[in-house]
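Chemist: generate a structure from the sequence data that follows.
(chains A, B and C)
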Amino acid sequence: MKRLPMIFAFVSLLIAGIFSAAQAAELIVWHAYRGAEKTAFEKVAQLYETKNASKGIKVTTLAIPYDAYADKISASVPRGKGPDVFIYAQDRLGGWIESGKTVEPIGFFMDDATRAQFLPGMLDAMTYKGTVYGLPLNYKSLTLIYNKALVKSPPKTSAELVKLAKSLTNAESGRYGLVYWYTNFYFHAALMNAFGGRVFDKDGKLVLDSPETVASIKQMMKWYKQDGILPTEPSEALVSSMFNEGKAAMVLNGPWFIGEISPSVDFGLALLPVIDEAGKKPMRPWLTIEGAYVSASSKQKELAYDFAKFLASEEAGLILALEGRQLHTNSAIYKDKRVSGDVVLNAFHNQLSSAEAMPNRAEMTMMWSPATTAMNKVVKGNATPEAALKEASVAIQESINALRKGR
Amino acid sequence: MNLAEHLKRSAVLGIGISVLLTLVLSTWMFHAEESDLRLQHKQRLALLHTNGLALAVANISVEETGKRVRDIQKLDPRIESAIIVVGMQLVASTRDEDAAPRQLKREEKPLFDLSNLIRTAGETNRGEEVVRKKTIQIDEKPSGHIVVTVPYLSDGQFAGILQMKFNTEAAEMFSPLPDSYSLPLLFLLAALLAGSLLRMNTDRKVDVAKLLALGVFLAIALSYQQQRLNRIEQMMAQANQSIAANYLATAEQYDRLGYLALPRDSSAVNLWDTDHYQRPLGLIAASGNVSAKAQAAYFDKRGGFLKRILASFDLLGLGVLLMFIYGYAARTFSALKEHADAYTYVAPAMIGMLVLVFFPFLYGITLSFTDTTLFNESLPFQDRLIGWDNFKAILGDFNLYERTANGIIWNYQNFYWTLLVTVIWTVSNVTIGVTVGFFLAMALNTEGLRGKAIYRVLLILPWAIPNYITALVWRGMFHPQFGVINQVLQMFGMQPVAWFDGVFSSFMTGLATNGWLSFPFMMVVILGALQSIPKEMYEAAEVEGADRWQRLRYITLPLLKPTLIPAIVLSVVWTFNMFNIIFLVSGGEPGGANEILITKAYKIAFENYQYAYAAAYSTVIFMILLVYGTFQTRVTKATESF
Amino acid sequence: MADIKTKNHVWLHVALISFTVLAIYPVLWVLALSFSGQQSVGLIDLPKDPSFLERFRGILPMPAHWSIKNFTEVWTDQDFGRWMWNSVVVSLMTTALGVFLACTAAYAFSRFRFPGRNTGMLMFLISQMFPGTLMLIPLFIIIVKWLELGNTYVGLVIVYATTAIPFCVWMLKGYFDTIPYDIEESALIDGASRLTIFWRIILPLAKPAIAITALFSFMTAWNEFILASIFMESELNYTAPVGLRFFVGGFSSQWGYFAAGSVIVSLPVVALFLQLQKYLISGLTAGSVK
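Modeler: Here you go, the predicted structure:
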């Protein structure tokens, strides 16, 4: 009779074995990539399958158009459907966490080695109110991109910038020294951060109309009005066409812009300059960071985390950076010759020394439209920076109050 | 007199069914309310003990914490177990097999996450100075256990969580009154009896029997509901007494062990008996006395909500009764039988519409009576219910403009501004569509015109292209620097226009795009109508000496009307809700001035995350259109002529 | 007399031609962009101080260099062929279901007098008044959660067909009204059942209107992308408009690819329009002028 428990244990082990073998785990991963990024991403997924062949894990990836992505997540995951892992930038993270049942916290799974592997600032974007919710995969930031035919050595300070840009500006023929989408708050943030302005303080209070932010807008207006180095009516399309026609000597733009540069333009990249008026602080662009999140509705969260961890690893990072042209967050890959030897990847990596993660609060979406209106008002001379920001703050605060309602 | 005839005259069926309906609904609601009260009571009891324990172990050494937790658990057999988690550590546990203190295990991840969640909730409430996040979590297990998690404090700071598993089955509950069905049955019998005695006069609008029937219904429904309301109040009082007794007994034991002094001061706040946000309920004082005033206020609040729901049930029953005594029910029934054929044909489409169009719409309307936002959508439905507030906020905001030194500044965020823009948008679009369509149709209807077919094909093309593609193309054409339209202006030596900067010019971009999209539909409709006007009529008119204008005025236009009106109604509705064009072309620039209602609702929902407010906005849009549609069809009897 | 007529027509032609040019200009522009082989919205780089002619060249919807690169890359970059096929299947199924539901309902509204008829008609009109943007979540709940039809053609077809019904019912009912009742009456006397009459007499007579209903249902299904991308859970099941959306949105937009994709996606609809246009005019309105 003593044997009975042993036999029982053996049988149950056997059953468990058969069960797990028959039910090869399938991981479903959602992303919004296409083109080279998609190809590289699928390659990494396949690599993960090969490495875990003994466990019989199958990774199924699904590309979703960007416009439908957030809706698809919000509709499916809280209702128990959807992927095991999904990839998105940090701007939606706060909203998903506040609404609940969407993103699984993963701080518990993370070991110190994993925490240490990332470039500085990356994990901040994935952290919401002190809890880690995702593994950062890649980042995008602005940097200075210049036409080598016009700019011999890129400026290091704002004084140099203005001097150089003035010499390259000829409004009559539509040539400008510096071109960027300065009325768009995302682009302006680089200047705002140099002055120490913020949208939210660390408690989540709106501080958009702070003197620092006002000063940063005044600085921009000086470039535009007094120095006259910026063109009117900027937009993404204007920036790219002016640069391609050789009419813009320097632009502030991100990695997505590289693919739009015409082959006839010989371009270089450099660090954003130091702003003398802001106490010699450098311009600090906002980082948008894509992370891999474990879905709260996943039935296999540990496995999902394991896959996310693989995506953030050096091995996957090299493939994603070299073949997918992504700026991966794993610091180890920038020691690789192929990466550090790549002008573009290296330049954006350098810019990280002064850059900071864009806030991941849900309230950020309420900021864009009033802030853009304020910028336009100032640029068109319809309001002072103080008044415009004050007005925008009132509108944003109203929306925020509607959201943060007491119970 | 046969049975059918008898039923028609007696009130028994009407009163029977309406009373049954109201009683069933009321009973169902009271049943739900009572089980909710019981559940709440259990949770409150469990929370009372957990809060007490948390207070007793706060801000003391780890060893002492472990001891106290075990001591207190032994005091009360209902406390199944209690654990304290700090970060990744299980600091204390009453269960020996847990072998506390130790690191959390892999499968204990939810504890770690829960601890973070509660910490964040407290920080958020403090940081935003608004209490909106629950700092206490209560879960009910299928086994009948209630698991309560509260913050665990050390050095006056949040350190971790204290989780208690409380067995409510073993505990003595306050005496639950049996759920009896004899009472409603008795009321129903009385109703049937009264109904069979009443004889209705079907010819007269008002007769004594009808009034009596209504009186009987109201008397029965109201007295039953009052009966049950009294019972609810009684239950609440019992619950408070039971909690007070539990509190006193436990607090005295704590006092004896020296863990916590029981305050005898009746004005002190009871910190054990709290809501899920750790705010004292105030129903029981620290001394253990039940506050009669607070209890009455509590019942008023909760009972008021119940009474409103009960009133709606009464109204429903009253409606049913009226349907019966005025013979509508009988007529509906016979219509269903008589026109079974017709209903069979309509049913498939109707069912599809009901499920996929009207259900989502009801969902939206329900949502509009709550204050649901991104931040609270996971809360239970009743907690979010607020009534008409959203509608009051939308319709009652008349802050339309502001007088300043520089003149009037319009408030583009105001509902009435957006409504005005929407109406102008709709009227101008439909006017353009009809005018352009009419002239093109007249032109294409010219006799002997060559190449008609080619013109027609080319002019229909804009309709065939998906409208989001169209919208994006037009947005490109209006681009200030590269847009074709400014190129043409510059070609003739004019200054380029910054189209999206001015309220008027930005409006024109949408108008041009939508006009381009919508004229083919009108053209085709009018062309079809023109072609079906018999030529003989014109010939006859010509013989009579009517000139062109008279022929247009007295033949063409009147004959176009029946076709045109429904087409205009449809096109008004479509244009009113034309989301893609505004959203993709001008985006409502500048500063939201050119937003129409539907894009505004979208932005409220997806930029400001105020889901309920957006739903209320949509409901208002729908009501406006409904009024328009009913009005228009009344005026033109379009349903008949189409 | 003949002279005046010809003269009038000349001016009419001038007016019509100029209007037609305006009307198809955006279409030509999409075509030009799709054949330009480039991705930015501006077709031509203008010189410093452009002359009238140079500006005129700038507004001509003609690419600087002709290339079919955008088409080949759009087609090979993604599973476009498969997605077109899905679109065809979904759209045809939608058409079949939509037309069936609309025909039966419209027939009842036209031929029977029953209580609730006017209310019913009004309900169909009212349903056009629901703002669609907020229906996403409830539709997801019904189709994916309750009916478990996520990732299937059927789920999409049901939603598209019901979306298309109201317009179709209104139109068909108007058309049925114009078919003389005498024909049915004599058939009824001959002993034919309602169903036979509906099938054998009414439907053949209403061909133009049914063609239009079909076209409208088809277009509803063919152009929709947001529900398709939300309901579908594998790339193999996407429809063509979903594929198109990959080129815009996010950080960068590839307008050239988008234009080429748009041309590919629009072609079948345009072809259908051209095929059915002789019905279009009679089907929408014929006979409502009695």
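Chemist: thought A:A321 was touching A:E37, still the case?
Modeler: No: in this structure, A:E37 is not within contact of A:A321 by C-beta atoms under 8 Å, at 10.8 Å. Yep, even glycine has a C-beta here, placed from its N, CA and C like the rest.
Chemist: neighbour-wise, which of the two wins?
Modeler: Using other C-beta atoms under 10 Å in any protein chain shown, the more surrounded residue of A:E37 and A:A321 is A:A321, with 24 against 18.
Chemist: which strands or helices does the worst-scoring helix or strand of chain C on mean pLDDT pack on?
Modeler: Using mean pLDDT, DSSP states H and E, helix C:52-59 stands out as the lowest-scoring helix or strand of chain C, at a mean of 74. In terms of contacts (3 or more C-beta pairs under 8 Å, 6 or more residues apart in numbering or on different chains; DSSP states H and E), helix C:52-59 is packed against helix B:484-491.
Chemist: which parts of the stretch 101-250 of chain B are strands?
Modeler: Taking DSSP state E, counting those that start in this stretch as the criterion, the stretch 101-250 of chain B carries its strands at B:102-103, B:137-140, B:145-154, B:157-167.
Chemist: out of those, nearest to chain C?
Modeler: Nearest to chain C, of all these, is strand B:137-140, at 23.3 Å by C-beta to the nearest C-beta.
Chemist: how about the helices in the stretch 151-300 of chain A?
Modeler: With helices called from DSSP state H, counting those that start in this stretch, the stretch 151-300 of chain A shows them at A:158-168, A:185-194, A:211-221, A:236-244.
Chemist: tabulate these (CSV), appending mean pLDDT and distance to B:L186.
Modeler: CSV is the format used below for those (pLDDT from 0 to 100; distance: least, C-beta to C-beta, whole Å):
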stretch, mean pLDDT, distance to B:L186
helix A:158-168, 95, 88
helix A:185-194, 96, 70
helix A:211-221, 96, 72
helix A:236-244, 83, 76
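Chemist: just those: most buried one?
Modeler: Each of the helices of the stretch 151-300 of chain A was scored by mean neighbour count; the highest is helix A:185-194, a mean of 24, by mean count of other C-beta atoms under 10 Å in any protein chain shown.
Chemist: which among the helices of the stretch 151-300 of chain A is found nearest to B:Y254?
Modeler: helix A:211-221 (52.4 Å; C-beta to C-beta).
Chemist: quick check: C:A164 touching C:G98?
Modeler: Yes: using C-beta under 8 Å, C:A164 is in contact with C:G98, at 4.6 Å.
Chemist: could you export the strands of the stretch 101-250 of chain B as a markdown table, including distance to A:F257 and mean neighbour count?
Modeler: Below are the strands of the stretch 101-250 of chain B laid out as a markdown table (distance: least, C-beta to C-beta, whole Å; neighbours: other C-beta atoms under 10 Å in any protein chain shown):
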| stretch | distance to A:F257 | mean neighbour count |
| --- | --- | --- |
| strand B:102-103 | 48 | 10 |
| strand B:137-140 | 47 | 16 |
| strand B:145-154 | 48 | 21 |
| strand B:157-167 | 45 | 22 |
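Chemist: and for B:F439, the neighbour number?
Modeler: Counted with other C-beta under 10 Å, residues neighbouring B:F439 total 16.
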